[in-house]
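Peer 1: give me the fold of what follows.
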Amino acid sequence: MLAQRTIKTLTQAVGVGLHSGQRVELTLRPAPPGTGIVFRRIDLAEPVDIHVSAQSVTDTRLASTISSGQAKVHTVEHLMSACAGLGIDNLVIDITAEEVPILDGSASSFVFLLQSAGIELQKVPKQFIRVLKTVEVKDGQGENVKWAKLEPYEGYRLSFEIDFHHPAVDSTGQQVVFDMGRDLYARDIARARTFGFTKDVEMLRSNGLALGGGLDNAIVMDDYKVLNSDGLRYDDEFVKHKILDAMGDLYLLGKPLIASYTAFRSGHAMNNQLLRALLDQPDAYEMVSFDDIHKAPEGFALPVRAW
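Peer 2: Numbers count the residues shown, from 1 in each chain. Predicted coordinates:
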């Protein structure tokens with residue numbers, strides 16, 4: 001049986017929110033089978049649980065925000081990406097503010113936290129959503145077009161292409177394909193950092209955003225070059241971060257996908273639109289589990305490997 005996964009022991013981190021600049025404490029806790037991923041706002045007078053789902057996403061400007069009533073958690077995509085990359089099904093995340101800490105701007109710190117806690121196999125089958133027919137969302141025309149689609153594929157593969165028209169970005173790889181059956185998330189994707197441009201940072205800060213951002217947790221560029229003294233972690237770090245984000249956004253579905261995802265200039269909003277478009281077509285997907293681990297798509301049955 002291909003089993004659900006949680007962590008063995010609780011683990012904690014402290015950091016600041018990318019946009020709020022607020023100090024925030026994060027505690028990751030093991031959870032019983034069937035729980036899913038749950039963010040718990042423990043700073044509120046009455047703690048509120050926010051269960052991840054495509055419908056729980058209520059804002060996609062700059063990051064993915066999930067809500068339950070008035071309670072929100074911003075910037076969940078990097079932690080969700082780490083959970084997707086390591087195959088974590090069940091987790092309760094206690095959080096003391098309304099934004100997940102940015103840490104180093106990638107998912108690598110979250111991967112380290114989860115692996116340090118240890119991965120526990122649970123005695124219940126892991127459930128997947130298998131895509132049965134192509135679902136696509138599209139916006140704009142000509143040079144402004146952007147799109148994302150899910151297609152049937154016996155595994156999990158993501159392909160992303162960027163187009164920023166910026167010297168520093170254009171000199172790096174513009175397209176990446178990541179396949180869970182062939183590649184290693186912790187090595188190939190998790191270390192890719194979020195990125196931004198100085199002109200945008202100044203505008204965001206004047207609006208009370210990006211207050212926790214800096215060279216230690218993002219790639220920052222002026223009009224011509226990368227300003228970080230240590231340069232890039234990957235030759236194609238920009239597009240790899242887009243894959244990282246997409247994996248986190250898509251895992252807000254609540255279950256791992258068996259599908260191929262392809263996108264051109266997509267972002268948080270379009271990724272969520274794609275999930276909602278999938279769920280709106282009941283004949284486009286099915287729920288599956290694997291009693292025989294050898295019948296699972298390549299990559300899903302592997303133990304979680306370290307770096």
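
Peer 1: now do the strands in the stretch 51-200 of the chain.
Peer 2: 57-59, 65-68, 71-73, 91-95, 119-125, 128-131, 135-139, 146-151, 156-161, 175-179, 195-197 (DSSP state E, counting those that start in this stretch).

Peer 1: as CSV, those strands with distance to G208 and mean pLDDT would be great.
Peer 2: Using the backbone N, CA and C atoms, a C-beta is placed for each residue, glycine as well. Converted to CSV, the strands of the stretch 51-200 of the chain look like this (distance: least, C-beta to C-beta, whole Å; pLDDT from 0 to 100):
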stretch, distance to G208, mean pLDDT
strand 57-59, 15, 97
strand 65-68, 15, 98
strand 71-73, 16, 98
strand 91-95, 20, 98
strand 119-125, 39, 96
strand 128-131, 37, 98
strand 135-139, 27, 97
strand 146-151, 27, 98
strand 156-161, 30, 98
strand 175-179, 33, 97
strand 195-197, 16, 88
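
Peer 1: residue contacts, M180?
Peer 2: 155-157, 297-300 (C-beta atoms under 8 Å, 6 or more residues apart in numbering).

Peer 1: can you tell me which helix in the chain is longest?
Peer 2: Assignment by DSSP state H gives helix 237-251 as the longest helix of the chain.

Peer 1: now that one: mean pLDDT?
Peer 2: For helix 237-251, mean pLDDT is 98.

Peer 1: same check on stretch 206-213?
Peer 2: 76.

Peer 1: what is the end-to-end distance of that stretch?
Peer 2: 13 Å (C-alpha to C-alpha, to the nearest Å).

Peer 1: ok, the residue nearest to P32 when sequence neighbours are not counted - contacts?
Peer 2: Nearest residue to P32, sequence neighbours excluded (C-beta to C-beta, 6 or more residues apart in numbering): N90, at 6.5 Å. N90 is in contact with 4-6, 30-37, 122, counting by C-beta under 8 Å, 6+ apart.

Peer 1: on the C-terminal side of the helix or strand of the chain with the lowest mean pLDDT, identify the next helix or strand.
Peer 2: Each helix and strand of the chain was given a mean pLDDT (mean pLDDT, DSSP states H and E); the minimum falls on helix 198-206 at a mean of 79. Remark: after helix 198-206, the chain's next helix or strand is strand 219-221, criterion DSSP states H and E.

Peer 1: avg pLDDT for that next one?
Peer 2: In this model, strand 219-221 has an average pLDDT of 92.

Peer 1: could you list the buried residues of it?
Peer 2: 219-221 (16 or more other C-beta atoms under 10 Å).

Peer 1: give me the nearest residue to T134, chain neighbours excluded.
Peer 2: Per C-beta to C-beta, 6+ apart, closest to T134 is E151, 4.8 Å.

Peer 1: quick check: bridge partners of the one you found?
Peer 2: S260 (DSSP bridges).

Peer 1: measure it to R5 for me?
Peer 2: 26 Å (C-beta to C-beta, to the nearest Å).

Peer 1: quick one, which of these two is more surrounded?
Peer 2: R5 (20 against 15; other C-beta atoms under 10 Å).

Peer 1: confirm that one sits in a strand?
Peer 2: Yes: counting by DSSP: H, G, I helix; E, B strand; the rest coil, R5 is located in a strand.

Peer 1: isn't it right up against L121?
Peer 2: Yes: here R5 reaches L121: they are 6.1 Å apart, a contact under C-beta atoms under 8 Å.
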